[in-house]
Each structure stands twice: as C-alpha cells, then as structure tokens.
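# here is my input; please provide its structure:
(chains A and B)
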There are 2 protein chains.
Amino acid sequence: LSTPVSAAAAVALGERGLIARIRARLPEAPPWLLVGPGDDAAVAAPERGALEILTTDALVEGVHFDWRFSSPPDVGWKALAVNVSDVASMGGAPRLALLSLAVPETLALDALDGMLDGFLAMAADARVAIAGGNITRSPGPLVVDVTVTGFVRPRRILTRAGARPGDAIYVTGEVGAAAAGLGWLAASARRAPALERADAVMSPRDPGERACIERYRRPEPRARIGALAGRNRAASACMDLSDGLADAITQIAAASGVGAVIEADALPIPAAAVRLFESSGVDPILAALAGGDDYELVFGVSRRMRGRFATVMRQARGVPLTQIGEFTRGGGVRLSRAGAEHPVPAGFVHF
Amino acid sequence: LSTPVSAAAAVALGERGLIARIRARLPEAPPWLLVGPGDDAAVAAPERGALEILTTDALVEGVHFDWRFSSPPDVGWKALAVNVSDVASMGGAPRLALLSLAVPETLALDALDGMLDGFLAMAADARVAIAGGNITRSPGPLVVDVTVTGFVRPRRILTRAGARPGDAIYVTGEVGAAAAGLGWLAASARRAPALERADAVMSPRDPGERACIERYRRPEPRARIGALAGRNRAASACMDLSDGLADAITQIAAASGVGAVIEADALPIPAAAVRLFESSGVDPILAALAGGDDYELVFGVSRRMRGRFATVMRQARGVPLTQIGEFTRGGGVRLSRAGAEHPVPAGFVHF
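Here you go, the predicted structure:
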C-alpha cells in the first residue's frame, strides 16, 4: 500500500524505531499494568476473584483483508475487534491486548500509523490496554496478529457446549450486513480493476448500503452485551458470528449435542442488505446465513433464563436482540421457511 | 518445504481439519485450564497471589528461519522457546501458550506435524500448557506467532531498569555458540546452493561445532534460572540474549541509566565457536558480543544480592553463571580488552 502522503517505507525506521514510534502514541497505561511495552514481557496484576479469558486471532493481507476494500485504520480496528468479540462471546470483559506485526517492506509509514490509529480507536472503545507486542519484517503479506485477555467471574462463563433442547436462539443486531457490504465492494472492484486502495468515493450513495460496507470494514463487537449476558447468567451458550450464523449455530449444536431450527422469517437482515443480495441474484436468507464477518453474538436462552435475558435486552442500549429459532432434541440444524424445513448450508470458512 | 514422506499440503485439510489434527495431539490439559482449545477463547484460573507475565514473539520464514538450516521440529521448538525465554528474563515461570499459525499452501502436512512435535517437546520441557490458538492460510511465508503467559510473585519481577553502578554482570551458559552455528550453516549453504532443506548430513563432524549448530536450531531457554533469580530476589536487572550480549547490556544500561564495562577475557565463548569464528576470519570476541539467538540470560547483581545469587548458582544444575563485567556510573557500554577500553559494537537486529 503506497499512499500519496508519504511513500516512506515503515521498515526504514527499523524494529527499534518502529517500536518507539508506536509506544509514543499509546495512551497512559492503567495502574494494574505494572510493566507495559518496552521490557522483555509485560506484567499485569490479575483481576481479583476473576478467571482469565485468552484468545488470539490474525488478519492476513490477501486472506482476511484487501487494501482495495479496507483502509489502514479499518484493518487496525478490525484486528482488535475480532478478538474483543471472542472475549465477549465467552461472557467476559476484555482487558489487555498484545499486538504482533509482520510488516512487508513496501508498507508506507503512514499506512502503519493509520493502522495503529484504528487499533487504538477500537482499544479506547472496548477499554483495552496495550500491554506489549512484537514487530518484525515480512517477506510476504502484512500479518496483524493480536492476542487479547479478558476476565469473567467463576460460573459466569458462556461456552458453546451449554445449549439444551427447548432453549431459544437469540442474535444481537443484524445479520448479513457485512457479507452484503463485501459483495458490493468485490463487484465494484471488478468494475474498476485499476483500483489499488480503499477510497472514500468507493461507497454506494444509499445510507443503508453504506452502513453494510461500514459493518464489513469496522465491525462493532458486542462487548457490553456479552459481558452482561455472562454476569447475569442469562444464556446457556454463546458464540460470535465470525464465520456466519449457520456456522455458529452448527458449532453450538455440535458442542452441545443438540439440533436447531432457524426461522427464516425472523432473521434480522437489514433492508439494504436484502437489496444488495437481490441485485446480485443471491437469495438473501441463504446469503445472510452463510455470510461471515458480522461479529454479532448468538445465544441459547433456557426457559428459566428468560427473565434475566430480558434484563440484558433492556440494558442493550438500542442493540436489538431477536429470537430466530430454537435448539431441539437432535435432527441437525434446519432452516424453517414457508412451512418447510431444509438443512442449512455450510458456513463460510476463511481457510 | 516438500518432503519425500508426504507431499500432501496442510491446507488441503482446511482450517477445521487442521485444528482437529492439532487438538488430537495435545496432552491432557491441567486442571486450572477450565476451557482449552476449541471454544471462542480459553479460560484459565489465575495463579493465586501471583502477577501475570505476558509476551508474544513470531518466527517468520525467510526472516527468522530458513528451511535449509532448520527442520520443522526445530522451528516449532524455537517459536515457543523464544517466548519462554522472555518470561524467564522477567524472573517468572511460564504457564500457557497460544499458537497462531499462518500456513502457506505449499507446506506439507508432515512438516506441520513435525513443527507441532517440536512445539510440544518444548512445551513439555518448560511445563507450558497449550490453551488455544488460531490457524489461517498465508499467501506468503509461514508465520509462527506465539503468545506465552507466566507468573511471578509481587516484588519478584526482574525488569531491565534496576541495574545500579557497581552491580556485577553475570551471564548464563555460553555466548556466541548460536552465531557460530548459523555462520557454519550459511557457509555450507553457499557451498551447496542446490540444498533445499535441513539434513542430518549438513552437520560438522566435530561434536563441539555440532553443539553450536544445535544451539542455533534449538535454544534452551533458561526458564529454571530466571525463575530462581526472581524468586530469590537475586538480581537487580535481567534480559535475555535474543539479539546478542552487546545489545542486552546496552538495553539494560539505557533503561537503568548506567554504563557498563564488559571484560573480553571473561566471556564464556565455547572453544568450538572460537574455532568457527576464526576459520571465517571473524574476531571471536566481537562476533560473540554481536551474535544473536543464544537465549542465555544476563543479570545485574548488587553487592548485597551476592549471597542470594550464589544460591541460584548452586541450584543451576550445571549451567555455569559467569561474571563478565560490571555496571558503572555512566560512560556508555565499553569492552575492556588487553588493557584498553573500546565502545561495544551495536547488537544484531533482526529487522
């Protein structure tokens, strides 16, 4: 990625120079971070009385993002957001992040700065402290590998394995938006093959369609709702929609030893996403089920949890929680549509 | 890396298949690992009364390793070892690891298996549990990114910043071995340009020289000695020799606001390394100071810590601890040699 502002390559600064540049931009460390970036390792005082959550996830240039579709701040934001989403889906609150970068020689210094801006914006949003990291040269793509830790009280963990027959299936926010946005970007790129980087003009005029693209570029992990559901013991199981709704429900069903029925009519697919899918001749229901990158949360909610789940819904600050089906006693994962049941398509897999 | 045993590419298994294959080979999880690999994130009960150490470090194909010089088990071993070394250099004990892999399409499945073998051998050695990780495709090099957490009691942390004028400088084991080994491998590769992968025959006959190559391929992090020094409050500062002895002492001196004198005659350079350096026309003292990859530990030891440090030396199980100089009141970092003092050369930097 070269930019008109500065074509100076980041690697010209060297490892030490880059670390110093990044450290200079970090906000003040919280008091529990006893040793922050700059030593051989970080040292943190644990959260009293809590269990620790740990997760790692990487974005690889050419696999998880494309410079034609995402700006450097988008990539930095998303690299942290996908990890925050994993912590939320365990019912916990995120706490600190480690950022490990493999930087190609062609990466411009201001692209690196922009990426850090996006990363720090997400960190501020999710109240995540940067504890440390690592930077190295890459002879290939940019790799942004992030580790996030969080905390959760004992007996408040939400795993994939707790769903029981009869539990209601709820999903946060909307599904299919990110896949519709990515579809629009890919179609636009096919029409403008000379395009080299994400540009402000590369956006549809319709605000709903723009929101789909924004969802793909900068997912909003449901950190608050995940932590609320954990704290209130309001869910029997939880997973995030990194690889799509069909995949998430299939994974929960397999880990819990249950089946599931998804109600097609109940899926909260935004109208703009329906239009985008239909304009490319794709069935919106199947596309929303299979499409990844939404980073919403899906929950199992038992009968006796419904009161507590209603409390979570009231405190969700405008994020809708929609019942979209039910876990069942076996029978696989099915889609109920127009009075008939069909097996759901396999989820979108990055690999 | 293709191998004669099997040319099947690892990516053919897919992300889920690879995760299942890796999980099947993991040893039983310790009881404090409440949720291990397979959910959105891992959940661990913290070590009671301890602070947490966190570090991340990546090995990138073509930057940190070369398939002509290292076998897949070597790479897996080293990817974990360099992180264990970082925890040890903070005075702590390692506890769990997260393994994040970006796998090129050409990587053979048995190369992936071999890498995991090496990783698990190091994990068993250092008593590290695998808590989780992530696997993705790479359109470029293999990237092995590892995060390790450990623990340390409060007021037992060894940072880089605690050295005071008059503190003795000690180093574990030997220095220069890994650099001498890598030098031999690089020279051999220049003589055999058709070489594609590390081979048993690509070893010198002399056992001392073979040991240098082994040190480069499979560094032994000083986990036990680092933890002992922390627990006994036997050191004022500590760092590992990932980027060489000159670099480590320069970093400690800068962080502590002191100078240092290194005694050339005191450096524990193995005789075989001296021979290898001399045979390529390199000054063994300067090469040992600048050479990276030894993963020994360097300590500052104050006068009142000497008794406690002697206890650490007695419990070091045959690993020598050698005094190689002293921190001073300013004056930069100097090498004392044949009665004269010289500024030390800059350390080896990976970037």
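# from chain B, how far out is residue A:171?
15 Å (C-beta to the nearest C-beta, to the nearest Å). For every residue, glycine as well, the C-beta is placed using N, CA and C.
# ah, wrong one, I meant residue A:179
Taken as C-beta to the nearest C-beta, the span from residue A:179 to chain B is 18 Å.
# so what touches stretch A:225-235?
With C-beta atoms under 8 Å, 6 or more residues apart in numbering or on different chains as the test, stretch A:225-235 has contacts from A:85, A:87-93, A:152-153, A:155-158, A:162, A:170, A:172, A:238, A:297, A:299-301, A:305, A:308-309, A:311-312, A:315-316, A:319, A:321.
# what does stretch A:13-31 give?
A:10-11, A:36-38, A:99, A:103, A:109, A:112-113, A:116, A:120, A:124, A:129-130, A:133, A:135-136, B:349-351.
# restricted to buried residues, select those in PyMOL.
Selection of the buried residues among those in PyMOL, burial being defined by 16 or more other C-beta atoms under 10 Å in any protein chain shown:
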select buried, (chain A and resi 10+11+36+37+99+103+109+112+113+116+120+129+130+133+135+136) or (chain B and resi 351)
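# out of the contacts of stretch A:13-31, which sit inside strands?
Cross-referencing the contacts of stretch A:13-31 against strands under DSSP state E gives A:99, A:103, A:129, A:130, A:133, A:135, A:136.
# of those, which are in range of chain B?
Intersecting these with the contacts of chain B gives A:133, A:135, A:136 (criterion: C-beta under 8 Å from any C-beta of the partner chain).
# what's the neighbour count on the residue in the stretch 51-200 of chain A that chain B sits nearest to?
Going by C-beta to the nearest C-beta, chain B is nearest to residue A:140 of the stretch 51-200 of chain A, at 1.6 Å. The tally of other residues near residue A:140 (other C-beta atoms under 10 Å in any protein chain shown) stands at 22.
# quick check: bridge partners of the spatially closest residue to residue A:134 that is not a sequence neighbour?
What sits nearest to residue A:134 in space, not counting adjacent residues and going by C-beta to C-beta, 6 or more residues apart in numbering or on different chains, is residue A:100, at 4.4 Å. Residue A:100 has the following beta-bridge partners by DSSP bridges: residue A:134, residue A:145.
# tell me how far residue A:100 lies from residue A:83.
12 Å (C-beta to C-beta, to the nearest Å).
# again with residue A:296
Counting by C-beta to C-beta - residue A:296 and residue A:83 are separated by 16 Å.
# so residue A:131 touches residue A:33, yeah?
Yes. With contact defined as C-beta atoms under 8 Å, residue A:131 and residue A:33 form a contacting pair (6.0 Å).
# what residues do those two have in common as contacts?
A:42, A:44, A:96.
# OK, contacts around the residue nearest the centre of chain A?
The centre of chain A sits closest to residue A:82, judged by C-alpha atoms, centre = their mean, with a distance of 3.4 Å. By C-beta under 8 Å, 6+ apart, residue A:82 lies in contact with A:57, A:59, A:146, A:219, A:221, A:242, A:295.
# need the strands for chain A, in chain order.
So, for chain A - with DSSP E - the strands run A:33-35, A:42-44, A:51-60, A:93-104, A:129-138, A:143-152, A:168-172, A:237-240, A:259-263, A:297-301, A:321-328, A:333-337, A:340-343.
# mind putting those into JSON lines with mean pLDDT and distance to residue A:73?
Below are the strands of chain A laid out as JSON lines (pLDDT from 0 to 100; distance: least, C-beta to C-beta, whole Å):
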{"stretch": "strand A:33-35", "mean pLDDT": "97", "distance to residue A:73": "24"}
{"stretch": "strand A:42-44", "mean pLDDT": "97", "distance to residue A:73": "25"}
{"stretch": "strand A:51-60", "mean pLDDT": "98", "distance to residue A:73": "13"}
{"stretch": "strand A:93-104", "mean pLDDT": "97", "distance to residue A:73": "14"}
{"stretch": "strand A:129-138", "mean pLDDT": "96", "distance to residue A:73": "16"}
{"stretch": "strand A:143-152", "mean pLDDT": "98", "distance to residue A:73": "12"}
{"stretch": "strand A:168-172", "mean pLDDT": "98", "distance to residue A:73": "24"}
{"stretch": "strand A:237-240", "mean pLDDT": "98", "distance to residue A:73": "22"}
{"stretch": "strand A:259-263", "mean pLDDT": "97", "distance to residue A:73": "35"}
{"stretch": "strand A:297-301", "mean pLDDT": "98", "distance to residue A:73": "24"}
{"stretch": "strand A:321-328", "mean pLDDT": "98", "distance to residue A:73": "29"}
{"stretch": "strand A:333-337", "mean pLDDT": "96", "distance to residue A:73": "37"}
{"stretch": "strand A:340-343", "mean pLDDT": "93", "distance to residue A:73": "40"}
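# switch the ones you listed over to JSON lines; also include distance to residue B:202.
Output for these, formatted as JSON lines (distance: least, C-beta to C-beta, whole Å):
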{"stretch": "strand A:33-35", "distance to residue B:202": "41"}
{"stretch": "strand A:42-44", "distance to residue B:202": "38"}
{"stretch": "strand A:51-60", "distance to residue B:202": "32"}
{"stretch": "strand A:93-104", "distance to residue B:202": "27"}
{"stretch": "strand A:129-138", "distance to residue B:202": "26"}
{"stretch": "strand A:143-152", "distance to residue B:202": "29"}
{"stretch": "strand A:168-172", "distance to residue B:202": "56"}
{"stretch": "strand A:237-240", "distance to residue B:202": "47"}
{"stretch": "strand A:259-263", "distance to residue B:202": "55"}
{"stretch": "strand A:297-301", "distance to residue B:202": "52"}
{"stretch": "strand A:321-328", "distance to residue B:202": "57"}
{"stretch": "strand A:333-337", "distance to residue B:202": "52"}
{"stretch": "strand A:340-343", "distance to residue B:202": "53"}
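# the nearest residue to residue A:168 once chain neighbours are set aside: neighbouring residues, count only.
Leaving aside its chain neighbours, residue A:168 sits nearest to residue A:301 (4.6 Å; criterion: C-beta to C-beta, 6+ apart). Neighbour count for residue A:301, taken as other C-beta under 10 Å: 26.
# I'd say residue A:301 and residue A:166 touch.
No. Using C-beta under 8 Å, residue A:301 is not in contact with residue A:166, being 10.1 Å away.
# low-confidence regions, chain A specifically.
For chain A, the stretches flagged by pLDDT under 70 are A:1-7, A:199-201, A:345-351.
# so which residues of it form helices?
Remark: helices assigned in chain A by DSSP state H are A:14-24, A:72-88, A:109-126, A:177-191, A:207-217, A:223-231, A:245-256, A:271-279, A:284-290, A:306-314.
# closest to residue B:50 out of those?
With C-beta to C-beta as the criterion, residue B:50 lies closest to helix A:72-88 of those, at 21.5 Å.
# so how far is the closest one off the chain centroid?
Distance of helix A:72-88 from the chain centroid (C-alpha atoms, centre = their mean, to the nearest Å) equals 6 Å.
# put the alpha carbons of it into PDB.
Output in PDB follows, covering the C-alpha atoms of helix A:72-88 (Å, rounded to 0.1, in the frame of the first residue of the first chain):
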ATOM      1  CA  PRO A  72      -5.300   1.100   7.200                       C
ATOM      2  CA  PRO A  73      -7.400   2.300  10.200                       C
ATOM      3  CA  ASP A  74     -10.100  -0.200   9.100                       C
ATOM      4  CA  VAL A  75      -7.600  -3.100   9.300                       C
ATOM      5  CA  GLY A  76      -6.200  -2.000  12.700                       C
ATOM      6  CA  TRP A  77      -9.700  -1.600  14.100                       C
ATOM      7  CA  LYS A  78     -10.900  -5.000  12.800                       C
ATOM      8  CA  ALA A  79      -7.700  -6.900  14.000                       C
ATOM      9  CA  LEU A  80      -8.600  -5.900  17.600                       C
ATOM     10  CA  ALA A  81     -12.400  -6.100  17.200                       C
ATOM     11  CA  VAL A  82     -12.400  -9.700  16.200                       C
ATOM     12  CA  ASN A  83     -10.500 -10.600  19.400                       C
ATOM     13  CA  VAL A  84     -12.700  -8.400  21.600                       C
ATOM     14  CA  SER A  85     -15.700 -10.300  20.000                       C
ATOM     15  CA  ASP A  86     -14.200 -13.600  21.100                       C
ATOM     16  CA  VAL A  87     -13.900 -12.400  24.700                       C
ATOM     17  CA  ALA A  88     -17.500 -11.100  24.600                       C
END
